[in-house]
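Novice: got a sequence here, can you build the structure:
(one chain, ligands or ions: 3)
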Amino acid sequence: METLFGDLEEIKDGDSAFFADVILPVPIPKMFTYKIPRNLKEEIGIGFRVIVQFGKKKILTGIIAKVHQKPPTSYEAKPILDVLEAHASVNPIQIRFWAWMAEYYCCHIGEVMNAALPSGLKLSSESKIQLNPTFDADTSPYPLDDREELLLQALRQKEEMSYEDCEVVLGIKSIHGIIKSLVIKEAILVFEEVKEKYNPKVETRIRLNSEISRDKKALEAVFNEVSSKPKQEEILLKYLQEVPVYRNPELNQKGLEKKVLIDAGMSVSSLKNLIKNGVLEEYKIIVSRFEDEQSLEEGVVLSEGQQQAQQEIKAAFEEKNTVLLHGITGSGKTEVYITLIQEALAGGSQVLLLLPEIALTTHIVGRLRQVFGGKMGVYHSKYSDNERVEVWNGVLSGKFSFVVGVRSSIFLPFDSLGLVIVDEEHEISFKQFDPAPRFHARDAAIMLSWLHQAKTLLGTATPSFETFYNARMKKYGYVTLEKRYGDAQLPEYHLADMLVDKKKNLLKLDFTRLMREKIQDALNNQEQVLIFQNRRGYAPYISCEDCGWIPECEHCDVSLTYHQFGEEMRCHYCGFKEKVPHSCPACGSSKLSAVGLGTERIEESLGLLFPEARIARMDLDTTRSKYGYQRILEDFGSGNVDILVGTQMITKGLDFEKVTVVGIMDADRILYFPDFRAGERAFQQLTQVAGRAGRREKRGVVIIQTRRPEQQIFQQIMAGDYKNFYIQEMGERQRFFYPPFVKLLKITTRHKDFKTAEKAAKHLHNLMGDIQVKKILLGPEKGLIGKIKNQYIFESIAKLDRTGNAQSQFKHELLLILEELQAHKEFRGIRFIVDVDPY
Ligand code: ADP
Ligand code: ZN
Ligand code: ZN
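Specialist: Numbers count the residues shown, from 1 in each chain. Ligands and ions are numbered 1, 2, ... in the order given. Down below sits the predicted model:
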């Protein structure tokens, strides 16, 4: 196989030395070369985790990317200190994927590794150790030596110890060998201090002594013995009822969770006695955090349209690696995915389905679980590191041949992907903005798929322009689903002119008459309503009516958003908060008023307009907790809420049968965003949120409030005329050199001092100008927000030719320039950030 690094060369005997290029979790541009000690030669290869020294004192875990015989020219290679496991932790495809990502997104491969590995797999000199809760020295098959014994004793008292603590306890300098040995003997667990410990979920179980379970006579004897002790007898009977050992002695092996007996009210002391007398035994096992759910149904019955789409997708895959499934909202893309996933799994391949974050808590995951049961792993961004490690290991062990997850699930250790599906491929949440790697999971998924020789399916009702462009250029296959499932109709749209209503005095608390009437109708019919406004908080800002003063963040160049809850003003960029002043600090006036419309305020207004309605709100502020989304959606789904107000969170994948009315409070706010993608996003957001209405028999109603109803985009959205909208917008993109006609790179310069930041940005800009490729350079300009968290921000934009090697040439030289600048004394402390495909 051809790799970016070349293959693992065979390690031959002989005198010449062997070296390994190691990826380290530090922001350095290159990999470091270490010497492979003779005794390790046979033990390691690509993807192995090794311990190395970095710098004077630091000990790091790295991953071997390449083995070769070329000593480094500019420094003396240090030896690899140790190998962590007897197997590779990362496979060669993953390493190629990381290398591609670092190169494409202009970052360091160590940064990609950092993003890719759960911290449980990244131990460094800051690592700590703990006792393995399931370890029992008496029953362990591995004898411990004196030093190991000593370390365990110390651990029992201290609960956790750092490497340094261990060195002190044992009075020796190098303890890696001992720690490694204890890990292998399953006596300890290693974890990173910054993150939480790996807490395996441990279950205490009870079973019959195996001698007794296999011998009916012995069992009868036991019953005779306990006949005078009714409590013990009761426990044994309960056990046999739950675990019918009479029928099948094998069942005893798995035993019974102790909790079952305790919950059934059995006597704890009698249980102890039974264990003491050797009738029962107690033991601990590590169990999965995820329920081993069984799939309930096998088959999926596709509608005619779905069936045809499915056939077309398969046919398109014969010729193309990537296919766009353009299916309107409610057309049932999920069911099409399901049949394709089933086929790929049946063929022995792994499958990855990427979803935007919020969609992971909606019905789609439940639906997939019904079909795929325990072989499906779920990878959520709100998972703890422990849970991530379990999914990771589940993929490694083959338990999860199918994973549904958020963008970071592209890093899981797949080794034989056959199909990758990106649902809602247009979603901006697939892009990681900070920190590096600043990747787009859709684009990365296509690359990942290619490395696996797999197929990629992109699904959406509103394709991104990039994807639609690729489909039209025949680079991607193109399949459509043009009807809603089960004859549900697309909703009926109304434009409500806010200015007209205002003149006629019909605009009440920002609601037009039409909007109020339609909401009232829905409430009267016991139906549900979604209200969309893409701004959280109460009001965008507060302003003094007399002098116009507006409170701003001390650390950023933005006004503070007024949150009624807690009577405070918050910065949405840095989290700074402040109490609302009683009077204007500039002129002393007490006439401070909230300007603009946030979700909190809409919630309040709805309460005043529809006092009988039950109202809930879904935005970043109400969904911070792990189950935040889920709770709100469950409440809504079970009919405990009549009206749900929310930000773009409510546009994604919700499928509630009683939603008949969708209201969009202020469409103009979405349209007039200073970004070349404003139109594209407006079309996507409005279509998607409208698509939540009327997904069953009853036709839905969508009300769009605007001050300029004559705009053409509304007609196009209402007619579902994506194609004409696209063609029109693409004219502009081509004329002004925007994607997909060019590649964009954004280069940001940040510093706490304005002048320094500006100077560095200009200097960088000039150097970029000298790069000899076809390009357009814009800037450097103050960022759209000129200061964030006390750092002044300047931005340059490079527009690069898509074809040829302009991109790679530019990126390559840019990195050299940045390396040089960063080494410059004058520019120390400056951060340069490169973002590829930044919007
Ligand atoms: P989309 O993702 O395309 O907007 P969904 O996959 O959410 O649409 O499907 C819309 C609704 O139709 C869902 O409630 C889904 O359960 C139902 N549905 C779609 N296809 C089928 C099918 N073949 N059999 C039964 N129900 C289906
Ligand atoms: Zn004032
Ligand atoms: Zn701020």
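
Novice: count the neighbours of the residue nearest to Phe54 when sequence neighbours are not counted for me.
Specialist: Sequence neighbours aside, Leu60 is the residue nearest to Phe54 in space, at 4.8 Å (criterion: Cβ to Cβ, 6 or more residues apart in numbering). In short, each C-beta sits where N, CA and C put it, glycine included. By other Cβ atoms under 10 Å, 22 other residues sit near Leu60.

Novice: pretty sure Leu60 contacts Ile28?
Specialist: No - in this structure, Leu60 is not within contact of Ile28 by Cβ atoms under 8 Å, at 11.2 Å.

Novice: can you pull out the strands in the stretch 501-650 of the chain?
Specialist: Counting by DSSP state E, counting those that start in this stretch, the stretch 501-650 of the chain has strands at residues 528-532, 541-544, 561-563, 568-570, 577-579, 592-595, 615-618, 643-646.

Novice: no no, the stretch 301-450 of the chain
Specialist: Per DSSP E, counting those that start in this stretch, the stretch 301-450 of the chain carries strands over the ranges 322-327, 350-354, 376-379, 402-405, 417-423.

Novice: that older thread, want to throw the strands of the stretch 501-650 of the chain into TSV with distance to ligand 3, mean neighbour count and mean pLDDT?
Specialist: Shown next, in TSV, are the strands of the stretch 501-650 of the chain (distance: least, Cβ to the ion, whole Å; neighbours: other Cβ atoms under 10 Å; pLDDT from 0 to 100):
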stretch	distance to ligand 3	mean neighbour count	mean pLDDT
strand 528-532	26	27	96
strand 541-544	13	20	87
strand 561-563	10	23	88
strand 568-570	9	20	89
strand 577-579	9	12	91
strand 592-595	19	15	88
strand 615-618	23	21	96
strand 643-646	24	26	96
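
Novice: weakest of the strands of the stretch 301-450 of the chain by average pLDDT?
Specialist: Within the strands of the stretch 301-450 of the chain, confidence is poorest for strand 376-379, with a mean of 93 (mean pLDDT).

Novice: just checking, what packs against that one?
Specialist: When contacts are defined as 3 or more Cβ pairs under 8 Å, 6 or more residues apart in numbering; DSSP states H and E, strand 376-379 packs onto helix 363-372, helix 385-397, strand 402-405.

Novice: returning to that earlier point: kindly reformat the strands of the stretch 301-450 of the chain as CSV containing mean neighbour count.
Specialist: As requested, those are exported to CSV (neighbours: other Cβ atoms under 10 Å):
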stretch, mean neighbour count
strand 322-327, 25
strand 350-354, 26
strand 376-379, 23
strand 402-405, 24
strand 417-423, 25
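
Novice: export the ones you listed to CSV and tack on distance to Ile615?
Specialist: Listed next are the strands of the stretch 301-450 of the chain as CSV, based on distance: least, Cβ to Cβ, whole Å:
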stretch, distance to Ile615
strand 322-327, 32
strand 350-354, 33
strand 376-379, 30
strand 402-405, 31
strand 417-423, 30
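
Novice: how about the ones you listed, which one is nearest ligand 1?
Specialist: strand 322-327 (5.1 Å; Cβ to the nearest ligand atom).

Novice: the closest one near ligand 1 at all?
Specialist: Yes - using Cβ under 6 Å from any ligand atom, we find that strand 322-327 touches ligand 1 at Gly327.

Novice: what about the residue nearest to Phe54, which SS state?
Specialist: Taking DSSP: H, G, I helix; E, B strand; the rest coil as the rule, one finds Leu60 in the strand state.

Novice: same check, this time on Glu657
Specialist: Three-state assignment for Glu657 (three-state DSSP): coil.

Novice: use 77 as the first number for this chain going forward.
Specialist: Okay, residue one is now 77; in that scheme the one you just asked about reads as Glu733.

Novice: for it, give me its contacts.
Specialist: With contacts defined as Cβ atoms under 8 Å, 6 or more residues apart in numbering, Glu733 is in contact with 771-772.

Novice: distance check, it against ligand 3.
Specialist: Per Cβ to the ion, to the nearest Å, Glu733 is found 42 Å from ligand 3.

Novice: ok, the residue of the chain positioned farthest from its centre - contacts?
Specialist: For the chain, the residue at maximal distance from the C-alpha centroid (Cα atoms, centre = their mean) is Ser304, at 59.1 Å. Residues counted as contacts of Ser304 (Cβ under 8 Å, 6+ apart): none.

Novice: circling back to that earlier point, just say which of the helices and strands packed on strand 452-455 is most tucked in.
Specialist: Across the helices and strands packed on strand 452-455, averaging neighbours per residue (mean count of other Cβ atoms under 10 Å) puts strand 478-481 on top, at a mean of 24.

Novice: and that one, which strands flank it?
Specialist: Note on strand 478-481: by DSSP bridges, its sheet partners are strand 426-430 (parallel), strand 452-455 (parallel).

Novice: closest one to Ile726 among the ones you listed?
Specialist: Closest to Ile726 of the strands paired with strand 478-481, according to Cβ to Cβ: strand 426-430, at 20.4 Å.

Novice: what angle separates the closest one from helix 439-448?
Specialist: Here strand 426-430 runs at an angle of 160 degrees relative to helix 439-448 (axes from the mean of the first three to the mean of the last three Cα atoms, to 10 degrees).

Novice: touching strand 426-430 from outside, list them.
Specialist: Strand 426-430 is contacted by residues 413, 417, 420-421, 444, 471, 477-483, 485-486, 488, 490-499, 506, 517-518, 521, 524 when judged by Cβ under 8 Å, 6+ apart.

Novice: all strands for the stretch 127-276 of the chain, in order.
Specialist: With strands called from DSSP E, counting those that start in this stretch, the stretch 127-276 of the chain shows them at 134-144, 158-159, 203-207, 236-238, 264-268.

Novice: mind checking how far the nearest residue to Ser216 once chain neighbours are set aside is from ligand 2?
Specialist: Closest residue to Ser216 apart from its sequence neighbours, by Cβ to Cβ, 6+ apart: Lys261 at 6.6 Å. Taking Cβ to the ion as the measure, Lys261 falls 71 Å from ligand 2.

Novice: can you count the residues close to Lys261?
Specialist: Lys261 is flanked by 18 other residues according to other Cβ under 10 Å.

Novice: in contact with it, which residues?
Specialist: 211, 216, 218, 220, 224.

Novice: what's the pLDDT at it?
Specialist: As predicted, Lys261 sits at a pLDDT of 83.

Novice: Lys850 contacts Arg878, doesn't it?
Specialist: No - look at Lys850 against Arg878 with Cβ under 8 Å: they stay out of range, at 10.4 Å.

Novice: quick one: contacts for Phe170?
Specialist: For residue 170 the amino acid is Gln, not Phe. 123, 192, 487, 489.

Novice: from the residues you listed, which ones fall inside helices?
Specialist: Using DSSP state H, the subset of those located in helices is Ala192.

Novice: of the contacts of Gln170 - the most surrounded one?
Specialist: Highest count within these by other Cβ under 10 Å belongs to Phe487, 27 neighbours.

Novice: list the contacts for that residue?
Specialist: The neighbours of Phe487, taking Cβ under 8 Å, 6+ apart as the test, are 170, 191-193.

Novice: next one: stretch 863-870 to chain centre, how far?
Specialist: Relative to its chain's centre, stretch 863-870 lies at 27 Å (Cα atoms, centre = their mean, to the nearest Å).

Novice: got the contact list for that stretch?
Specialist: Residues outside stretch 863-870 that contact it (Cβ under 8 Å, 6+ apart) are 631-633, 649-650, 824-830, 833-834, 836-837, 855-859, 861-862, 907.
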